[in-house]
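Student: All I have is the shape, not the residue letters:
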């Protein structure tokens, strides 16, 4: 005959306020995830100009004149916003 020993684990209640704190932290996380970070006009202009320059590099091999126009437009955009 064999014997099996089974140990029971005592049920522990959750700490006081843990559910409230978890819900508050989750709500704060959702709030911060929805809210975009505000950027300065110069930072926004630099970001937009970088995207235009990337597009210019894409078109450099097929239409160098258009790519040069895009590069110049990106430079003017940054200069107008004071990013440079």
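Tutor: Alright, I've got the coordinates. Just so it is clear, the model here is predicted, and its values are computed rather than measured.

Student: Just the mean pLDDT for stretch 43-56, thanks.
Tutor: On average, the pLDDT along stretch 43-56 is 92.

Student: likewise stretch 61-70?
Tutor: Computed over stretch 61-70, the average pLDDT equals 93.

Student: Give me the mean pLDDT for the helix or strand containing residue 20.
Tutor: Taking DSSP states H and E as the criterion, residue 20 maps to helix 18-34. Average pLDDT, helix 18-34: 89.

Student: For residue 61, see how far away residue 11 is.
Tutor: For residue 11, the distance to residue 61 (CB to CB, to the nearest Å) stands at 69 Å. In this view, the C-beta of every residue, glycine as well, is placed from N, C-alpha and C.

Student: between those two, who's got more neighbours?
Tutor: For residue 11 versus residue 61, the count of surrounding residues by other CB atoms under 10 Å is larger for residue 61: 8 against 5.

Student: tell me the helices in the chain, going along the chain?
Tutor: Ranges of helices within the chain are 18-34, 41-59, 64-81, based on DSSP state H.

Student: Other residues contacting the second one?
Tutor: For helix 41-59, contacts defined as CB atoms under 8 Å, 6 or more residues apart in numbering pick out 39, 66-68, 70-71, 73-75, 77-78, 80-83.

Student: hmm, 10 Å instead?
Tutor: The contact list for helix 41-59 (CB atoms under 10 Å, 6 or more residues apart in numbering) reads 37-40, 63-84.

Student: Please apply the same query to stretch 62-72.
Tutor: Contacts of stretch 62-72 with the rest of the structure, by CB under 10 Å, 6+ apart, involve 49, 52-61.

Student: Show me how to select, in ChimeraX, the buried members of the residues you listed.
Tutor: Paste this into ChimeraX to select the buried members of the contacts of stretch 62-72, with burial taken from 16 or more other CB atoms under 10 Å:
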select :49,52,53,56
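
Student: Now render the contacts of stretch 62-72 as JSON lines, adding distance to residue 32.
Tutor: Shown next, in JSON lines, are the contacts of stretch 62-72 (distance: CB to CB, whole Å):
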{"residue": "49", "distance to residue 32": "28"}
{"residue": "52", "distance to residue 32": "30"}
{"residue": "53", "distance to residue 32": "31"}
{"residue": "54", "distance to residue 32": "29"}
{"residue": "55", "distance to residue 32": "32"}
{"residue": "56", "distance to residue 32": "35"}
{"residue": "57", "distance to residue 32": "35"}
{"residue": "58", "distance to residue 32": "34"}
{"residue": "59", "distance to residue 32": "38"}
{"residue": "60", "distance to residue 32": "40"}
{"residue": "61", "distance to residue 32": "43"}
